[in-house]
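# Can you look at this prediction? I've put the sequence above it.
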Amino acid sequence: MNPFLLPEKDRLLSWRELRNQITPLADNDKFEPLLRWWAKAPICAYAIDAYDCSQWPTAWELLNENMFCTSAIAYMMAQTLILSGVNENRLVLTYIKGQDDERLVVIVDDTIVLNYSYGEVFSWEDISHEFEERQSYRFVDGKAKPI
């Protein structure tokens, strides 16, 4: 079942179920279910400004709107991880620009990359040469702040 086809209340409940499901898992085991869940999200051209985190809505507001650009999906992945017990200091959102695409990615422990391609976990070392880093954010009390 695609949670993004559900009414708002059920979509929020589904997101809570995902968080409850992955919370007891070891952090590295959280990535696959997280990627599978967010791969079902509807994609639009623009939902958040990757250069201005001060205007980003809350995770609950984004879920209510049910419109996600690729950068918003990275933000939501990071929020999901934080709310499932991953220490926010381990996460960085980085806005990257490659030849054909630009998006936010989640970097965990400076080594693991999420949201570079749907449904896959990448090594930062393996892919960092493929794009230019434009902007990075760390989380402070659950909110993104520019680095």
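Yep, that arrived. Residues are numbered from 1 along each chain as shown.

# Just the helices from this protein, written as ranges.
If you assign secondary structure with DSSP state H, the helices in the chain sit at 8-22, 31-38, 59-65, 70-83, 124-127.

# and the shortest one, how far from the chain's centre?
Averaging C-alpha positions (CA atoms, centre = their mean, to the nearest Å) puts helix 124-127 18 Å from its chain's average.

# which residues touch it?
For helix 124-127, contacts defined as CB atoms under 8 Å, 6 or more residues apart in numbering pick out Ile107, Asp110, Thr111, Ile112, Val113, Tyr116. From N, CA and C alone the C-beta is placed, and that goes for glycine too.

# I'd assumed Gly85 was in contact with Thr23.
Yes - at 5.3 Å, Thr23 and Gly85 qualify as touching, with contact defined as CB atoms under 8 Å.

# any low-confidence regions in the protein?
Scanning the chain for pLDDT under 70 picks out nothing.

# pull the longest strand from it.
strand 132-140 (DSSP state E).

# Can you list the strands that that one pairs with?
strand 91-97 (antiparallel), strand 143-146 (antiparallel) (DSSP bridges).

# Check which residues of that strand are buried.
Under the neighbour-count criterion of 16 or more other CB atoms under 10 Å, strand 132-140 has Gln135, Tyr137, Phe139 buried.

# check contacts around Ala39.
With contact taken as CB under 8 Å, 6+ apart, Ala39 is in contact with Tyr118, Gly119.

# Now it: phi and psi?
Geometry field for Ala39 lists phi and psi as phi -70, psi -20, criterion degrees, to the nearest 10.

# Pairing partners for the closest residue to Tyr51 other than its chain neighbours in the sheet, please.
The spatial neighbour of Tyr51 that comes closest, neighbours along the chain excluded (CB to CB, 6 or more residues apart in numbering), is Gln135 at 5.7 Å. With DSSP bridges applied, the residues forming beta bridges to Gln135 are Tyr95.
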